[in-house]
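Novice: this is a predicted model, with the sequence first.
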Amino acid sequence: MRLLLVEDDALLGDGIRAGLKQAGFAVDWVQDGRAAQLALETGDYALLVLDLGLPRLSGMALLKWLRGKGSVLPVLILTARDTVADRVAGLDAGADDYLIKPFDLDELVARLRALLRRSGGQAAPILQHGDIELDPAAHQVRKSGQVIELSAREFSLLHELLLNAGRVRSREQLEQHLYGWGEEVESNSVEVHIHHLRKKLGADLIRTLRGVGYIIDKT
Ligand code: CA
């Protein structure tokens with residue numbers, strides 16, 4: 001899951017990015033409202049984590065701009081301003097959820113997963129494919145009921161392929177999904193992760209379409 005984090009506090013932003021990365025998100029981090037606008041115009045994100053007090057363009061102005069152009073991107077606002085009025089204004093402007101600083105990183109991750117579930121419009125958060133089940137909330141994959149240990153990137157790759165079952169994802173699309181800006185992409189990392197997924201979950205699950213990409217067939 002690729003996510004845009006907008007936070008001007010360098011220390012806090014760095015901490016949030018590290019925590020979300022560990023939770024399996026690919027994170028792009030910008031530190032002002034204009035940079036966020038540019039990123040949103042050009043990037044493809046599943047979530048936006050937005051600080052309200054930002055240089056160049058406030059979080060509230062950014063949110064109004066985003067909703068004004070019809071975007072339904074799930075937005076969670078981070079704010080130090082814990083007055084009721086600010087929270088109400090944020091929700092009125094189209095935020096889906098908010099957290100007041102300081103907050104617990106685990107709570108942020110749990111709320112983001114809940115937002116993703118709701119935005120996916122899925123009553124059942126668990127993805128099923130044959131004898132394989134992927135539970136985004138528990139960050140768990142089971143095969144015939146047995147829990148299979150996956151790395152964060154393996155999990156993320158499987159999640160992306162299952163969400164797009166029946167559609168080919170190119171290697172480049174999968175790399176973009178796995179890595180945030182500035183993260184070095186190892187040249188054959190997608191192939192390596194796919195190799196591990198096949199070893200753990202069965203050779204037939206993910207098909208390679210040579211020169212095109214990878215696909216999990218629809219069941
Ligand atoms: Ca701020």
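Specialist: It's in.
Novice: tell me where this protein has strands.
Specialist: Assigned by DSSP state E, the strands in the chain fall at 2-6, 26-30, 47-51, 75-79, 97-100, 127-129, 132-135, 140-143, 146-148, 206-209, 213-216.
Novice: relative to the second one, what are the paired strands and their orientations?
Specialist: If I follow you right, that is strand 26-30. Note on strand 26-30: by DSSP bridges, its sheet partners are strand 2-6 (parallel).
Novice: how many other residues sit next to residue 136?
Specialist: Residue 136 has 21 neighbouring residues, counting by other CB atoms under 10 Å. For the C-beta atoms, the positions are set from N, CA and C on the backbone; glycine is no exception.
Novice: kindly apply the preceding question to residue 14 instead.
Specialist: Using other CB under 10 Å as the criterion, residue 14 is surrounded by 12 other residues.
Novice: residue contacts, it?
Specialist: By CB atoms under 8 Å, 6 or more residues apart in numbering, the contact set of residue 14 is residue 29.
Novice: the ion: which of the strands of the chain is closest?
Specialist: Proximity to the ion (CB to the ion) singles out strand 47-51 among the strands of the chain, at 4.4 Å.
Novice: in PDB, list the C-alpha atoms belonging to the closest one.
Specialist: Taking only C-alpha atoms (Å, rounded to 0.1, in the frame of the first residue of the first chain), the coordinates of strand 47-51 have been written out as PDB:
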ATOM      1  CA  LEU A  47      -4.100   6.900   1.800                       C
ATOM      2  CA  LEU A  48      -3.100  10.300   3.000                       C
ATOM      3  CA  VAL A  49      -1.800  11.100   6.400                       C
ATOM      4  CA  LEU A  50      -2.000  14.900   6.800                       C
ATOM      5  CA  ASP A  51      -0.600  17.300   9.400                       C
END
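Novice: need the contact partners of that strand.
Specialist: Contacts of strand 47-51 with the rest of the structure, by CB under 8 Å, 6+ apart, involve 1, 3-9, 16, 20, 25, 36, 40, 59, 62-63, 66, 73-79, 95, 108, 112, 115-116.
Novice: hmm, back to that, please identify the most buried of the strands of the chain.
Specialist: Each of these was assessed for mean neighbour count using mean count of other CB atoms under 10 Å. The highest is strand 47-51, with a mean of 25.
Novice: sorry, back to before: now tabulate the strands of the chain in TSV and tack on mean pLDDT and distance to the ion.
Specialist: Formatted as TSV, these follow (pLDDT from 0 to 100; distance: least, CB to the ion, whole Å):
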stretch	mean pLDDT	distance to the ion
strand 2-6	95	9
strand 26-30	95	12
strand 47-51	96	4
strand 75-79	92	8
strand 97-100	91	13
strand 127-129	90	36
strand 132-135	92	34
strand 140-143	94	34
strand 146-148	95	40
strand 206-209	95	42
strand 213-216	96	39
